[in-house]
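A.B. asks: Task: produce atomic coordinates for the following.
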Amino acid sequence: MEGVAARAGVSRATLYLHWKSKAELLRGIVEQLHQDHLSAMAEVLDEQHEDLETALNAILKARFLRFVELTSASPHAAELYDLHGRMCGDIARASQERSEQLLERLVRGAADRGEADLSRSCLTPAGVASALFDCAHGAKGEDPSLTTPEMFTERLERIVRLLVAGLRSEP
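C.D. replies: Numbers count the residues shown, from 1 in each chain. Reported below is the predicted structural model:
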C-alpha cells in the first residue's frame, strides 16, 4: 500500500480511508476495469460497422485488449493474472456473462440481417457468443503475462476471420 500511496501522491492513511486492504483495492480496480470494458463493448454495439468481421474484432478488442495492454506493460503480470483469478473470480464471471450477452446481441443482429447463417453451424447466437468469448480469451496465449497487445490482436483477428468465414450465408 505504501508504493500505491506514493504513486498516487497520497498518504497510506488516505488509501485506507477508501480501501481496507490491498485485496479490496485490487478488487476495486478490477471491478472498474471490467465495467469500463463492458461500457466500451456496449458502445461498439451502437456503432455502424461495415461488416460482421469488423464489428466482432471491435467488440472483442473492447473487452480484452486493455487487459492485455496493462499486463504486458507490468513486470508483475504473472502475479496479477494469478491474483485476478483467485481474488476476483466472481467479478470476472459476472463480466464474462454480460460480455457474452453483448456478443450474442451482435451475432443475433448479424443473423437477422443475413450476414451470418447460424443454421450451418447448428449454434444459437448464445452458443456463438460463448465460443467467441472462449476463443478471444485463449488468444491471450498459454501464459498471458508474456503476450503483447500486437500478439493478442493478431491471434484475435485470425480467430474472428475463421469464425466469420464459417458463418457466411453463401455456401
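A.B. asks: Low-confidence stretches in this protein?
C.D. replies: Residues of the chain that meet the criterion pLDDT under 70 lie in 169-171.
A.B. asks: could you point out which element follows the helix or strand encompassing residue 109?
C.D. replies: Assigned by DSSP states H and E, residue 109 belongs to helix 89-112. Downstream of helix 89-112, the first helix or strand assigned by DSSP H and E is helix 125-138.
A.B. asks: how about that following helix as CSV, C-alpha atoms only?
C.D. replies: In CSV, the C-alpha atoms belonging to helix 125-138 read as follows (Å, rounded to 0.1, in the frame of the first residue of the first chain):
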residue,chain,number,x,y,z
PRO,A,125,-26.4,-16.7,-31.1
ALA,A,126,-25.6,-17.5,-27.4
GLY,A,127,-23.5,-20.5,-28.4
VAL,A,128,-21.6,-18.5,-31.0
ALA,A,129,-21.1,-15.7,-28.4
SER,A,130,-19.8,-18.2,-25.8
ALA,A,131,-17.4,-19.8,-28.3
LEU,A,132,-16.2,-16.4,-29.4
PHE,A,133,-15.5,-15.3,-25.8
ASP,A,134,-13.6,-18.5,-25.1
CYS,A,135,-11.5,-18.1,-28.3
ALA,A,136,-10.8,-14.5,-27.6
HIS,A,137,-9.8,-15.4,-24.0
GLY,A,138,-7.5,-18.0,-25.5
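A.B. asks: Remind me what it packs against, helices and strands.
C.D. replies: helix 52-72, helix 89-112, helix 149-167 (3 or more CB pairs under 8 Å, 6 or more residues apart in numbering; DSSP states H and E). Just so you know, the C-beta spots here come from the backbone N, C-alpha and C atoms, and that holds for glycine as well.
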